[in-house]
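[1] Take this sequence and fold it.
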Amino acid sequence: MSSNVDPLVVGRVIGEVVDLFVPMTEMDVNFGAKHVNNGCDIKPSMAADPPSIHIGGRPSHLFTLVMTDPDAPSPSEPSLRECLHWLVVNIPGGTDPTQGEEVMPYMRPKPPLGIHRYVLVLFQQKVRVPIASIELSPETVETRAHFNTRDFADRHDRHASGSPSTSTRRRNL
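    Next up, the predicted model:
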């Protein structure tokens, strides 16, 4: 097993959010000045704005970026698992999410209590995706709650390509 994937197994991202995969594309993620590696902690205040992300790969390759909270609303009672925080499709390789098409706008992490895992998964697409083909209602709490990354990938024929995960702690900041 790749050492890049080990923290995802330990953190239960593999199994609860995605199936085991072999990372195929580099994804460089920064929340402000903080570089994110699998399993690192960030403060919620650091994630007020979308992370800056650089996606490797060829410009002819297209990617989908999904960000979820599998611990919503609380790690001990994740009754809203997974809460969708961001969804961008048609991102060309060698660029960043601003070059893709945003399906669901970024929602900053606001964990009410405890440590939450926030998972960014990058999927390689086979073809350009018409946004109308993605069955998500206009942005509501209900639309964001109970999102399922694995089901989304299966429905839209996506293959995991890279996946950093991070956790945030609720603190009085």
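[2] where are the low-confidence patches of the chain?
    Scanning the chain for pLDDT under 70 picks out the ranges 1-5, 7-22, 137-141, 158-173.
[3] distance between the longest helix along the chain and the chain's centre?
    Secondary structure of the chain per DSSP state H: the longest helix is helix 149-155. Put simply, helix 149-155 sits 13 Å off its chain's centre (Cα atoms, centre = their mean, to the nearest Å).
[4] Now do the buried residues in it.
    149-150, 152-153 (16 or more other Cβ atoms under 10 Å). (Each C-beta comes from the backbone N, C-alpha and C, glycine too.)
[5] Over to stretch 104-116?
    104, 106-107, 109, 111, 116.
[6] So which of these belong to helices?
    Per DSSP H, the subset of the buried residues of stretch 104-116 in helices is empty.
[7] out of those residues, which one sits closest to Asp71?
    His116 (4.3 Å; Cβ to Cβ).
[8] dump the residue contacts of the nearest residue to that closest one once chain neighbours are set aside.
    Excluding its sequence neighbours, the residue lying closest to His116 (Cβ to Cβ, 6 or more residues apart in numbering) is Asp71, at 4.3 Å. Counting by Cβ atoms under 8 Å, 6 or more residues apart in numbering, Asp71 touches 78, 81, 111, 114-117.
[9] about what we covered before: could the buried residues of stretch 104-116 be laid out in TSV, adding distance to Gln124?
    Output for these, formatted as TSV (distance: Cβ to Cβ, whole Å):
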residue	distance to Gln124
Met104	19
Tyr106	21
Met107	24
Pro109	26
Pro111	30
His116	27
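[10] Out of the residues you listed, which comes closest to Phe31?
    Distances from Phe31 to the buried residues of stretch 104-116, taken by Cβ to Cβ, are shortest for Pro109, at 9.6 Å.
[11] these two touch, right, that closest one and Val119?
    No: counting by Cβ atoms under 8 Å, Pro109 sits too far from Val119 to count as a contact (11.2 Å).
[12] what ranges do the helices span in the chain?
    Ranges of helices within the chain are 6-10, 13-16, 141-144, 149-155, based on DSSP H.
[13] and the third one, which residues are buried?
    Taking 16+ other Cβ under 10 Å as the basis for neighbour counts, the residues of helix 141-144 that come out buried are Arg144.
[14] Grab the CA positions of it and hand them over as CSV.
    What follows is helix 141-144, C-alpha atoms only, in CSV (Å, rounded to 0.1, in the frame of the first residue of the first chain):
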residue,chain,number,x,y,z
VAL,A,141,-28.9,22.2,3.5
GLU,A,142,-30.8,19.1,2.4
THR,A,143,-28.8,19.0,-0.9
ARG,A,144,-25.5,19.1,1.0
